[in-house]
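Trainee: can't give you the sequence, but here's the structure:
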């Protein structure tokens, strides 16, 4: 006996579709662009500079003499410090303590303290 049979079957259908596109058109053209280029030039100019003028007054010779005396005193202190350094090294090589040296009068002197006093005086 025959029964009713229902089935969905794909059906091949042909359909026509169209795609409209615009094709870009290229063409080469020469273009000009104007660019200003700065022109540098050397220009000679004179510049005047004013500086204060120092005039020697009556106090200048006294100041120069005082400066010379101060420089001489500083040189004397430097020489004394160098001599003390030599004496300290000599005392060390002889095995003596430079902080406890005895003078010919029997007085005890400290060469380190004398050198420190000279350094402080120089400052």
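Mentor: It's in. Because the structure is predicted, anything quoted here is derived from the model rather than measured. Numbers count the residues shown, from 1 in each chain.

Trainee: quick one: low-confidence parts of the chain?
Mentor: 1-3, 5-7, 54-56 (pLDDT under 70).

Trainee: which parts of it are strands?
Mentor: Assigned by DSSP state E, the chain shows strands spanning 101-102, 108-109.

Trainee: of all the helix elements in the protein, which one is longest?
Mentor: helix 59-93 (DSSP state H).

Trainee: in that one, what's buried?
Mentor: Neighbour counts over helix 59-93 (16 or more other C-beta atoms under 10 Å) mark 84, 88, 91 as buried. (Each C-beta comes from the backbone N, C-alpha and C, glycine too.)

Trainee: contacting residues for the first one?
Mentor: Contact partners of residue 84, counting by C-beta atoms under 8 Å, 6 or more residues apart in numbering, are 111, 114, 115, 118.

Trainee: and the gap between it and residue 99?
Mentor: 12 Å (C-beta to C-beta, to the nearest Å).

Trainee: over to the last one?
Mentor: In this view, residue 91 and residue 99 are 9 Å apart by C-beta to C-beta.

Trainee: about what we covered before: so among the contacts of residue 84, which ones count as buried?
Mentor: 111, 114, 115.

Trainee: grab the nearest non-local neighbour of the first one.
Mentor: For residue 111, ignoring the flanking residues on the chain, the nearest one in space by C-beta to C-beta, 6 or more residues apart in numbering is residue 98 at 4.2 Å.

Trainee: OK, contacts around that neighbour?
Mentor: Residue 98 touches 87, 88, 91, 92, 110, 111, 112, counting by C-beta under 8 Å, 6+ apart.

Trainee: ok, 7 Å please
Mentor: 88, 91, 92, 111, 112 (C-beta atoms under 7 Å, 6 or more residues apart in numbering).
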